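>>> need a structure here:
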Amino acid sequence: MIGGSELGGASDYFLSAGVDPEQVKRELTAAKRRLRSAAIAARAWDRKAGVVQLRRLNETTKHEFRQSLWIAARTVPTTTEGAACMAAWLGGELGEFCERYHRIAAKNLSRGLRQMGA
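Alright, predicted model coming up:
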């Protein structure tokens, strides 16, 4: 099932593949309706379980963490050691969301930068 941020991309994909625009619109509307229903049910469960404050704290913490990642990503290293650390961080962040060779390249970049600075 497609949901959340994937909806726009899926809609564009199906339209470019020649699927009837009215069908795409109906499916998109139905998917948005399901998402709204799920969100309403989740908030109701939070209230019933007494975890509304915990959910808010979780969302705030996730937002702050994402902000810190953007700050790290926008940082321009000023030393080879800093660049090596950034490459090592990037390699770890890539994790399962990339090909293995991306992680190896980031690791080798980090290693090379550290050797240059030594």
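
>>> and the helix ranked longest in the chain, how far from the chain's centre?
The longest helix of the chain (DSSP state H) is helix 21-49. Put simply, helix 21-49 sits 20 Å off its chain's centre (C-alpha atoms, centre = their mean, to the nearest Å).

>>> just checking, what packs against that helix?
The contact analysis (3 or more C-beta pairs under 8 Å, 6 or more residues apart in numbering; DSSP states H and E) places helix 21-49 against helix 6-16, helix 52-74. C-beta: built from backbone N, CA, C; applies to glycine.

>>> mean pLDDT lowest where, among those helices?
Note on the helices and strands packed on helix 21-49: helix 6-16 shows the lowest mean pLDDT, a mean of 84.

>>> contacting residues around Gly117?
The contact partners of Gly117, taken as C-beta atoms under 8 Å, 6 or more residues apart in numbering, are 79-81, 84.

>>> hmm, I typed the wrong one, I wanted Leu90.
Ala106.

>>> mind running it again at 10 Å?
72-73, 98, 102-103, 105-107, 109-110 (C-beta atoms under 10 Å, 6 or more residues apart in numbering).

>>> show the buried residues in those residues.
103, 105-106, 109-110 (16 or more other C-beta atoms under 10 Å).

>>> quick one on the thing from earlier: ok, and the most crowded of the contacts of Gly117?
In terms of neighbour count, Ala84 stands highest of the contacts of Gly117 at 20 neighbours, by other C-beta atoms under 10 Å.

>>> what's near enough to touch it?
Ala84 touches 77, 109-117, counting by C-beta under 10 Å, 6+ apart.

>>> what sits against the residue nearest the centre of the chain?
Within the chain, the residue whose C-alpha comes closest to the C-alpha centroid is Arg66; the distance, by C-alpha atoms, centre = their mean, is 8.8 Å. Counting by C-beta under 10 Å, 6+ apart, Arg66 touches no other residue.

>>> tell me which of the contacts of Gly117 fall in helices.
80-81, 84.

>>> please parse the protein into its domains.
Following automatic domain parsing, one gets these domains for the chain: 1-74, 75-118.

>>> and these, which one is worst for confidence?
domain 75-118 - the lowest mean pLDDT of the domains of the chain, at a mean of 82.

>>> got the CA coordinates for stretch 83-96 in PDB?
C-alpha atoms of stretch 83-96 as PDB (Å, rounded to 0.1, in the frame of the first residue of the first chain):
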ATOM      1  CA  ALA A  83      36.200  15.900   6.400                       C
ATOM      2  CA  ALA A  84      37.200  12.400   7.400                       C
ATOM      3  CA  CYS A  85      34.800  12.500  10.300                       C
ATOM      4  CA  MET A  86      32.100  13.800   8.000                       C
ATOM      5  CA  ALA A  87      32.700  11.000   5.400                       C
ATOM      6  CA  ALA A  88      32.600   8.400   8.200                       C
ATOM      7  CA  TRP A  89      29.300   9.900   9.500                       C
ATOM      8  CA  LEU A  90      27.900   9.900   6.000                       C
ATOM      9  CA  GLY A  91      28.900   6.300   5.400                       C
ATOM     10  CA  GLY A  92      27.100   5.300   8.600                       C
ATOM     11  CA  GLU A  93      24.000   7.400   7.800                       C
ATOM     12  CA  LEU A  94      23.700   5.800   4.300                       C
ATOM     13  CA  GLY A  95      23.200   2.500   6.000                       C
ATOM     14  CA  GLU A  96      20.700   0.300   4.200                       C
END
